[in-house]
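**Student:** structure for the following, please:
(one chain, ligands or ions: 1)
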Amino acid sequence: MPPPIIEVRGLRKVYGGRAVVDGVSFAVEQGEIFGVLGPNGAGKTTTVECVEGLRVPDAGTVRVTGLDPVADHPRVTRVLGAQLQESELQPKLTVREALELYAAFYATPADWRPLAERLGLADKSATRFAKLSGGQKQRLFIALALIGNPRVVVLDELTTGLDPRARRDTWRLIEDVRDSGVTVLLVTHFMEEAQRLCDRIAVIDQGRVVALDTPAGLIGRTASSTVISFTPSVPLAPADLAALPRLASATEKDGRITLNGTDDTVDALLTLLARRHVTAHQLRVTDATLDDAFLDLTDTRPGHHHGAPA
Ligand SMILES: Nc1ncnc2c1ncn2[C@@H]1O[C@H](COP(=O)(O)OP(=O)(O)OP(=O)(O)O)[C@@H](O)[C@H]1O
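**Tutor:** Numbers count the residues shown, from 1 in each chain. Now for the predicted structure:
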């Protein structure tokens, strides 16, 4: 296996005596979309800005293709493309001018025309930045992040503020970028986005990595990866339900029962129903989502125990 394209080990960043990033480690492999997910203030942006060389770590090491983003900053900018913040672009620049300006920063930039074409900006080349829609601005930011032909691109909250269609279009673009061989480091708040796009996700909470896995792996870790609901033809004994294996919670409302558990819970429930000759009307079995996993992993309320039955 080739060495990781990004390697973060024991990263620590302290502001005002408080460690906002506190021992973060992860490695991003060549060709993957790697997600950084976490609640507000978790330390996501601080972490990726250390990867970009925009902030200097207080402890730990960061390597991008083996280079130190601070000490080797000029070389790192040649392999790593970063998404600009909106405020960094002159409102009067046209799409073409912005692409040509940023291309001039690189020794071997991509040709901006096919790039603009690929990103659906070909007919916008003469449009000023200020006149672009939110989705068009985001596409321009992706184009600018790719203009230097980087090996890895960092995208932070790329689809915030976009409508559902523009968000979906942007997801397709990010997949295209990955399919063209560019590794993607993606910071996001959107569970659906992370679940759909990311090969692996680091969940960061209070400056620490609390889980690192594939989306399916994260969902599988939750106490209740499966939700089962049904209306029994005759009432079931509460003790029978309570005895189901891997049951995380059971609730009843107007004769309808909702169970949180795993596949084992479903199997045992079906056996129980058959043995008691009970019919389960409107039986629904659904998978938990990354949303459920995220809340479970980042829930720090006192008294909350990961994986404990209710
Ligand atoms: N330059 C700074 N000086 C002081 N505190 C900072 C600085 N940058 C970030 N912080 C603090 O560090 C913490 C983590 O911030 P960071 O922006 O990395 O979080 P985040 O996970 O990206 O959050 P969000 O999802 O809200 O963007 C926050 O409490 C923030 O106030």
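
**Student:** pull out the buried residues from whichever strand or helix holds Ser25.
**Tutor:** Assigned by DSSP states H and E, Ser25 belongs to strand 18-28. Of the residues in strand 18-28, Ala19, Val20, Val21, Asp22, Val24, Phe26, Ala27, Val28 count as buried by neighbour count, 16 or more other C-beta atoms under 10 Å. Every C-beta, even on glycine, is put in place using the N, C-alpha and C of the backbone.

**Student:** of the residues you listed, which are in range of the ligand?
**Tutor:** Applying C-beta under 6 Å from any ligand atom to the buried residues of strand 18-28, one finds that Val20 fall near the ligand.

**Student:** out of the buried residues of strand 18-28, which comes closest to Ala98?
**Tutor:** Ranking these by separation from Ala98, with C-beta to C-beta as the measure, puts Val28 on top at 27.6 Å.

**Student:** my guess is the closest one meets Pro2, correct?
**Tutor:** No - under the contact definition of C-beta atoms under 8 Å, Val28 does not touch Pro2, with a separation of 11.6 Å.

**Student:** what sits against Gln83?
**Tutor:** Each residue near Gln83 by C-beta atoms under 8 Å, 6 or more residues apart in numbering is listed here: Phe141, Ile142, Leu144, Ala145, Val153, Val154, Leu155, Asp156, Leu158.

**Student:** quick one: residues contacting the closest residue to Asp291 other than its chain neighbours.
**Tutor:** Setting aside the residues directly before and after it, Asp291 is nearest to Met191 in space (C-beta to C-beta, 6 or more residues apart in numbering), at 4.6 Å. With C-beta under 8 Å, 6+ apart as the criterion, the residues that contact Met191 are Leu37, Thr289, Leu290, Asp291, Phe294.

**Student:** so the last one touches Gly35, yeah?
**Tutor:** No - the pair formed by Phe294 and Gly35 falls short of the contact definition of C-beta under 8 Å, at 11.1 Å.

**Student:** how far off centre is stretch 253-266?
**Tutor:** Mean-position distance between stretch 253-266 and its chain equals 29 Å (C-alpha atoms, centre = their mean, to the nearest Å).

**Student:** re earlier: so which of the contacts of Gln83 comes closest to Tyr15?
**Tutor:** Proximity of the contacts of Gln83 to Tyr15, judged by C-beta to C-beta, is greatest for Asp156, which lies at 18.3 Å.

**Student:** quick one: contacts for the nearest residue to the closest one once chain neighbours are set aside?
**Tutor:** The shortest distance from Asp156 to any residue that is not its chain neighbour, by C-beta to C-beta, 6+ apart, is 4.3 Å, and that residue is Val187. With C-beta under 8 Å, 6+ apart as the criterion, the residues that contact Val187 are Gly35, Val36, Leu37, Lys44, Thr45, Val48, Val154, Leu155, Asp156, Glu157.

**Student:** now restrict the residues you listed to buried residues only.
**Tutor:** With neighbours counted by 16+ other C-beta under 10 Å, those contain buried members at Gly35, Val36, Leu37, Lys44, Thr45, Val48, Val154, Leu155, Asp156.

**Student:** which ones among those are found in strands?
**Tutor:** Assignment to strands by DSSP state E places the following of the buried ones among the contacts of Val187 there: Gly35, Val36, Leu37, Val154, Leu155, Asp156.

**Student:** okay if I get those residues as TSV plus distance to the ligand and pLDDT?
**Tutor:** Converted to TSV, those look like this (distance: C-beta to the nearest ligand atom, whole Å; pLDDT from 0 to 100):
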residue	distance to the ligand	pLDDT
Gly35	13	97
Val36	8	96
Leu37	9	94
Val154	13	95
Leu155	13	93
Asp156	8	89
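
**Student:** for those, give me JSON lines that also has distance to Ala239.
**Tutor:** Putting those into JSON lines (distance: C-beta to C-beta, whole Å) gives the following:
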{"residue": "Gly35", "distance to Ala239": "42"}
{"residue": "Val36", "distance to Ala239": "45"}
{"residue": "Leu37", "distance to Ala239": "39"}
{"residue": "Val154", "distance to Ala239": "54"}
{"residue": "Leu155", "distance to Ala239": "52"}
{"residue": "Asp156", "distance to Ala239": "51"}
